[in-house]
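Undergrad: Attaching a predicted model along with its sequence, questions to come.
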Amino acid sequence: EPKRKTAFGSVGRRIPYRILHVINQDGESLGNMHRAEALKLMDQHDLKLVLLQENVEPPVYKLMTGQQIHEEQLRRAEKKKASPKPGVVQKELSFSSAIARNDLETKTKQIAQWIEKKYHVKVTIRQAK
């Protein structure tokens, strides 16, 4: 079973790596350190450790306040919402400006059905010759 991507947030005291690259809350690198040192630093400054990059050696963690974590979660949610979702179907309909009334009604019904199915609909109207 593939490993699921966890939600962005504090990792608490569960850190599976021995050596970490730590960044402070201002974005400055504190360098590589043992997880015990990172936890001590976290407790001293009353901050939380957040995993930023897991695929590098050593993994990158950042010390953050609860407010910073919340803002980052909101920012990532907005970014995810803005990105196009895979599997979204886009339907395209093109017709002339000289379309007959019954044809227009038929195409309008088709567009309404597509919208009900949550399809993205693109309508192009060409000028009659």
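TA: On my side now, so go ahead.

Undergrad: where along the protein do the helices fall?
TA: Ranges of helices in the chain, per DSSP state H, are 35-44, 66-82, 101-116.

Undergrad: Lowest average confidence across the ones you listed, which one?
TA: When the helices of the chain are compared by mean pLDDT, helix 66-82 comes last with a mean of 84.

Undergrad: And that one, what does it pack against?
TA: strand 48-53 (3 or more C-beta pairs under 8 Å, 6 or more residues apart in numbering; DSSP states H and E). Any C-beta I mention is one placed from the backbone N, CA and C, and that applies to glycine too.

Undergrad: who does the strand it packs on touch, helix- and strand-wise?
TA: Here strand 48-53 touches helix 35-44, strand 60-64, helix 66-82, going by 3+ C-beta pairs under 8 Å, 6+ apart.

Undergrad: need the contact list for residue 56.
TA: Applying C-beta atoms under 8 Å, 6 or more residues apart in numbering to residue 56 gives the contacts residue 21.

Undergrad: any idea how the chain splits into domains?
TA: The chain resolves into domains spanning 19-82, 90-126 when parsed by the TED database.

Undergrad: Tell me how far the residue nearest the centre of the chain lies from residue 126.
TA: Nearest residue to the geometric centre of the chain (C-alpha atoms, centre = their mean): residue 80, 3.0 Å. Counting by C-beta to C-beta, to the nearest Å, the separation of residue 80 from residue 126 is 37 Å.
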